[in-house]
Structures are given as C-alpha cells and as structure tokens.
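Asker: A structural model of the following input is requested.
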Amino acid sequence: MPIINRAAELHIEITGWRRELHRRPEILFAVHETAAFVETRLREFGCDEVHTGIGQTGVVGIIRGSRGAGPCIGLRADMDALPLTEETGKTYASVIPGRMHACGHDGHTAMLLGAAKYLAETRNFAGTVAVIFQPAEEGGGGGREMLKDGLMERFRIEQIFGMHNLPGLPIGHFAIRPGPIMAATAEFNITVQGRGGHAAMPHRTVDPVVIASQIVIGLQTIAARSADPLESVVVSVTRIHGGYAHNIIPDKVELSGTVRTLKKEMARLVEKRLSAIAEGIAAAHGARAVVSHVSNYPVTVNHAAQTEFAANVAREVAGDANVDTAAPAMMGGEDFSYMLETRPGAFIFLGNGDSAGLHSPAYDFNDEAIPYGVSYWARLAETALAG
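Answerer: Residues are numbered from 1 along each chain as shown. I've put the predicted structure just below:
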C-alpha cells in the first residue's frame, strides 16, 4: 500500500507547519512556543485529550479509535533545535541568531502532527494512539524526564515507536535493524595540572601542553589496541584549552571529549582505560591528571518483534526494495533509548535525500519526505491496533 492519499493532500499544509517551526527554533526544555504550537494543532484536530507540561515542556495527544477498546501505542517526535547559526539561505531560515533546526526535529514534529490530524479524522483502529512530542533530545534527556513524569504508566502505553530523518538515504526509503541501532554516549573532561613558567626555560616547568598532547594520542589506543577490533568504539577529543600567551607555559591544560559505544561492557572498558592512560602519562612527566567521566544516553536497542513489524509497515508505504532491514548501527546518540528500555518498540530512519549532514549549519529537512513519514505513522497505528 503506497502513500496515503490524505497524507499527500495534507503535504502543503504540513510543510507550512514545518517551516513555521523552522523559523523559530528553541533549545532543550525551553520549547515553549513549539509546545504551544503543537498543543493548538492537536486541539484543532479534535484529539480526545491534550496534556502539556510532561517532562517540563512535553506534549501528549490522545486519540481513541472508533472500533472499540484496545491497547495504547505511543508515537514519539522530538521538538528541540541546536545552538548553531543557520547558513542555508532559505526564505524560512531561523530568525533567532545562534539557533537552528539542524537535526530535522521540525520535520519530525510536523510529520507526527500530520499523522495526528489524519488519525483524529479517520479513527479506523481499535484502541488508543498517544502522539508524544518530546523536548530536549539534544543532550537534555527529555525522554528520560517524560518517563519520570509517568508517561508510560499514565497513558498505559504498551509499545513505543520513534523515527528520525537520515541524510544520504534517498527520499521514500526507510532503514532499520534489530538490536543496537544507535550508540550510548558519554562525556569526559581531563585537567592536566603541571607547573608553568617561562617558555624559554622549559626545563624549569612541567609542561601540561606537551603532556596533554601525549594524552590525546594515547586515548586513540583505546579503540586501536584495547577494544576488540570487531566492536564499535569511538573516543574523540573535541576541545583543548590552555595557555594565554606565546611566551608562557601554563600551569594547566583542559581536555574534553565524547565516547560512543554499542555495548555496556565496552563503555566500562573505555572509562577504565581513559583514566589509566591520562593519569599514567601525567604521572610519568611529574604532573597530575584529574579525570571526570559522565555517562549520558544509553544504547538505543530495537526490540526484534517490533522491528519486524515496523519494517513491514514501511514496506507497505515504500515498497520492499526501499526498506533496508540490516542498516548499520550509528554512533550518534538518541534519548529515545530511555523509552525503549521501558517498553518494547523500534526506532526507524526515514530518507532525507542528498542533503547536508545532521548538525551542520547547511542542513535542512527535506519536505519531500513528509508524505512518507505521515503515511508510516498512520499505517503503523492502524496496523498495530487493527483489533
């Protein structure tokens, strides 16, 4: 079954919503205008219930089917943007300096709103659909906060599904896999404390710049020499700060970075080796390294039965040849992982075509993907709740 006719009819309207959201991006939990926009649309559609303030600024719409009682499934979209300055040159580009929808959450929100409108009109299912609009996916753990507010229990959600656009995957294509599909994330900070002095007399100092440089190189051996070559591990130093003059060796240098893994055992290995390498190299030079390591999002793990179900729905929308069910896992993080730890479900990728990459100032969500995303959400709800 191809794109739903109604989804095609709504394409222009949904594109308008998406571009309106794109113009006024909001960050983390401070998505007040976006949440109000979502709430207004859901009430206009005639949702049976609209709940706000879940996980601080999350919104949930409840739509009951016309074919009797049944379970409740959750469909989730994220609402927040990123602290970037947009460089797309689009007529609908961000009007707020230093903020932009560089990950397509405006498109995710608009597509789920489109599906909510369709489902509220047709109600051709038995049971309940909870459309979930989440804040603070980009590092704030908004999914975790919605769970703390009783999201699953309050609405009796039995299965949960998520979707994200993917640059490079053609429009009208889907990609999914069972098991780990996105990585666990962690952040680290290392302070190398040495002894500063005159740059012309380095022998009287304990140079933290040189030591920090060796630590950066040493950390690369975690993936290259400590981890099984068949495992996926990323250790990236993304910030180095130290010094304030050309002729002064500073007292300390600070390093920061990120860790990405697909297994808990590998995350533990990286944390252990990171401290050992930094502290050992510093000690060898008569300095001291202070290491902090903070685990962030867990691995996003798709449940097997729900992955197969989601893939079958995608095939109905896009055709067998356009659904990849063995997509490689990605090392980006996703806080939908928290929801999948509490309920069975699946996370799927939707093609964004030949666009700039996610988190790029040149990125833009491709509006041609909208009918496919809306149709997927609608068919997934109707199929899961066929009665």
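Asker: Only C-alpha atoms from now on, for both contacts and neighbour counts.
Answerer: Noted.
Asker: chain center to the lowest-mean-pLDDT helix or strand in the chain, what's the gap?
Answerer: Each helix and strand of the chain was given a mean pLDDT (mean pLDDT, DSSP states H and E); the minimum falls on helix 5-9 at a mean of 92. In terms of C-alpha atoms, centre = their mean, to the nearest Å, the centre of helix 5-9 is set 28 Å apart from its chain centre.
Asker: Remind me what it packs against, helices and strands.
Answerer: Contact here means 3 or more C-alpha pairs under 8 Å, 6 or more residues apart in numbering; DSSP states H and E; on that basis helix 5-9 packs against helix 105-122, helix 370-384.
Asker: next helix or strand past it?
Answerer: Using DSSP states H and E, the helix or strand that follows helix 5-9 towards the C-terminus is helix 11-23.
Asker: can I assume Val259 sits in a strand?
Answerer: Yes. Counting by DSSP: H, G, I helix; E, B strand; the rest coil, Val259 is found in a strand.
Asker: show me what contacts it?
Answerer: 185-188, 233-236, 267, 270 (C-alpha atoms under 8 Å, 6 or more residues apart in numbering).
Asker: Likewise for Tyr92?
Answerer: 19-20, 22-23.
Asker: closest to Leu262 among the residues you listed?
Answerer: Nearest to Leu262 among those is His22, at 32.0 Å by C-alpha to C-alpha.
Asker: Make sure the closest one is actually in contact with Met100.
Answerer: Yes. With contact defined as C-alpha atoms under 8 Å, His22 reaches Met100; the gap is 7.2 Å.
Asker: so what sits against both of those two?
Answerer: Shared contacts of His22 and Met100, counting by C-alpha under 8 Å, 6+ apart, come down to Ser94.
Asker: Comparing the two, which residue is more hemmed in?
Answerer: Remark: of His22 and Met100, Met100 carries more neighbours, 31 against 26, as counted by other C-alpha atoms under 10 Å.
Asker: Only the buried residues of the least confident helix or strand of the chain, if you could.
Answerer: By neighbour count with 16 or more other C-alpha atoms under 10 Å, helix 5-9 contains the buried residues 7-8.
Asker: In this structure, which residue sits furthest out from the middle?
Answerer: Distance from the centre of the chain peaks at Met201, with 48.5 Å (C-alpha atoms, centre = their mean).
Asker: which residues in the stretch 151-300 of the chain form helices?
Answerer: 151-155, 208-221, 264-284 (DSSP state H, counting those that start in this stretch).
Asker: among those, which is the most enclosed?
Answerer: helix 208-221 (a mean of 19; mean count of other C-alpha atoms under 10 Å).
Asker: Could you point out which residue ranges in this protein have low pLDDT?
Answerer: Flagging of the chain using pLDDT under 70 yields the residue ranges 1.
Asker: what residue lies at the spatial centre of it?
Answerer: Centre-nearest of the chain using C-alpha atoms, centre = their mean is Glu334, 3.5 Å out.
Asker: so where does it fall, helix or strand?
Answerer: Counting by DSSP H and E, Glu334 is found in no helix or strand.
Asker: same check, this time on the one 3 residues further on
Answerer: In this structure, Ser337 is located in helix 336-342 according to DSSP H and E.
Asker: My read is that Asp78 contacts Gly104, right?
Answerer: No. Asp78 is not in contact with Gly104 according to C-alpha under 8 Å; the separation is 9.0 Å.
Asker: Next, show the common contact partners of these two.
Answerer: By C-alpha under 8 Å, 6+ apart, no residue touches both Asp78 and Gly104.
Asker: quick one on the thing from earlier: what's the spacing between the residue farthest from the centre of the chain and Arg288?
Answerer: 21 Å (C-alpha to C-alpha, to the nearest Å).
Asker: dump the residue contacts of Gly55.
Answerer: So Gly55 contacts 134-135, 142-149 (C-alpha under 8 Å, 6+ apart).
Asker: for Ala282, same thing?
Answerer: 192, 211, 215, 288-289.
Asker: Val216 versus that one, what's the distance?
Answerer: 12 Å.
Asker: and the closest residue to Gly53 other than its chain neighbours, how many residues sit next to it?
Answerer: Closest residue to Gly53 apart from its sequence neighbours, by C-alpha to C-alpha, 6 or more residues apart in numbering: Val59 at 6.5 Å. If you count neighbours by other C-alpha under 10 Å, Val59 ends up with 24.
Asker: Now do the same for Val59: helix, strand or coil?
Answerer: strand.
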